[in-house]
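**Student:** Here is my input, please return the structure:
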Amino acid sequence: MTPTALIAEDEPLLAAALRAELARAWPDLRIVAQVCDGASAVREALALRPQVLFLDIRMPGMTGLEAAAELAEEWAEDHPFPALVFVTAYDQYAVQAFEAQAVDYVLKPVVPERLARTVQRLQARLGEQASPVPAAGGDDATFERLRALLAAPPAPALKVIQAGVGNTIRLVPVDEVLVFEAADKYVRVLTGEAELLIRTPLKDLLPQLDQSVFWQVHRGTVVRATAIRTALRDEAGKLSLEVAGLKERVPVSRLYAGRFRAM
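**Tutor:** Numbers count the residues shown, from 1 in each chain. Just a heads-up that it's a prediction; the model follows:
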């Protein structure tokens, strides 16, 4: 089977250079799409299902990391998740990607010798996927690394949520919150007794929450771990949580499903 790849790079000259060097280093590789932003990368990757993704770290609207995370949540269960290669002009991001054990990273401008080593790693990865005996870890290991890479550095712990209710400000202790859920321009704050809306984006709240107390279970949902009663899969394999104090079940995305395994 001819290996396939997608390139997401917002600088046309650098995208062309990467494509040209890949043609030399890996003649059999077929580039099925070349896009210039993260949202397009997600859309085309879901439609075309390439085996390799070259994702620029910094792109308009959605970063390469954010695109990879969204794809992990939307990717079909019956297809291996693509091998990830992060493309960056910044050494610190390259180090992050390597430490997170993405297949590899490529620094801009592309150095042929370095790209050749990346190609070797990719070919080995695709060979493992084609093997009748799957490599240990598989997609779960990739998702665990992505979660680690996406984790924001901790900020001072948040103690109280200030939510506007009409002309008043209601103060809710974080210790009473069961779920934070992104909803359009707001975040729903669910307690056992109330539902409130705040304007602070979830991505800004996350660094202020104790990750041992609040578990992220979806790109837009964080749940108090001690309130989770059961984790159940439906007939389609989708995972959801029963949370004490809530009537509604909380869906878990594929990216975070690895949290829920019997000890």
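**Student:** And the contacts of the helix or strand hosting L241?
**Tutor:** Here L241 sits within strand 239-243, counting by DSSP states H and E. Contact with strand 239-243 is made by 178-179, 217, 223-224, 227-234, 249-252, 257, 260, as judged by Cβ atoms under 8 Å, 6 or more residues apart in numbering. C-betas here are computed from N, CA, C, even on glycine.
**Student:** Tell me who's in contact with the nearest residue to E176 once chain neighbours are set aside.
**Tutor:** Once flanking residues are discounted, E176 sits nearest to T191: 4.8 Å by Cβ to Cβ, 6 or more residues apart in numbering. T191 makes contact with V172, E176, V177, L178, G245 under the criterion Cβ under 8 Å, 6+ apart.
**Student:** pLDDT value on T191, please?
**Tutor:** For T191, the model assigns a pLDDT of 94.
**Student:** This protein: helices as residue ranges?
**Tutor:** All helices of the chain, identified by DSSP state H, fall at 12-25, 38-48, 64-74, 91-99, 112-130, 138-150, 202-205.
**Student:** Check those helices for me: which has the lowest mean pLDDT.
**Tutor:** helix 91-99 (a mean of 58).
**Student:** Isn't E181 up against V223?
**Tutor:** No. Applying Cβ atoms under 8 Å, one finds E181 not in contact with V223, separated by 9.0 Å.
**Student:** quick one: which of these two has more around it?
**Tutor:** Using other Cβ atoms under 10 Å, the more surrounded residue of E181 and V223 is V223, with 25 against 18.
**Student:** Make sure the more buried one is actually in contact with L178.
**Tutor:** Yes. Contact criterion Cβ under 8 Å: V223 and L178 qualify, at 7.0 Å.
**Student:** quick one: contacts for the spatially closest residue to K159 that is not a sequence neighbour?
**Tutor:** Spatial nearest neighbour of K159, excluding adjacent residues (Cβ to Cβ, 6+ apart): V174 at 5.8 Å. Neighbour list for V174: L158, K159, V160, I161, L209 [criterion: Cβ under 8 Å, 6+ apart].
**Student:** Apply 7 Å and report the result again.
**Tutor:** L158, K159, V160, I161 (Cβ atoms under 7 Å, 6 or more residues apart in numbering).
**Student:** In the sheet, which residues pair with the last one? Tell me.
**Tutor:** Okay, so that is I161. Assessed by DSSP bridges, I161 has beta-bridge partners V172.
**Student:** ok, it - how many residues close by?
**Tutor:** Burial of I161 is recorded as 20 neighbouring residues (other Cβ under 10 Å).
**Student:** Same check on the one 5 residues further on?
**Tutor:** Here the neighbour count serves as a burial measure; for G166 (other Cβ under 10 Å) it reads 6.
**Student:** ok, it to L190 distance?
**Tutor:** For G166, the distance to L190 (Cβ to Cβ, to the nearest Å) stands at 19 Å.
**Student:** Quick check: the gap between G258 and Q123.
**Tutor:** Note on G258: its distance to Q123, by Cβ to Cβ, is 26 Å.
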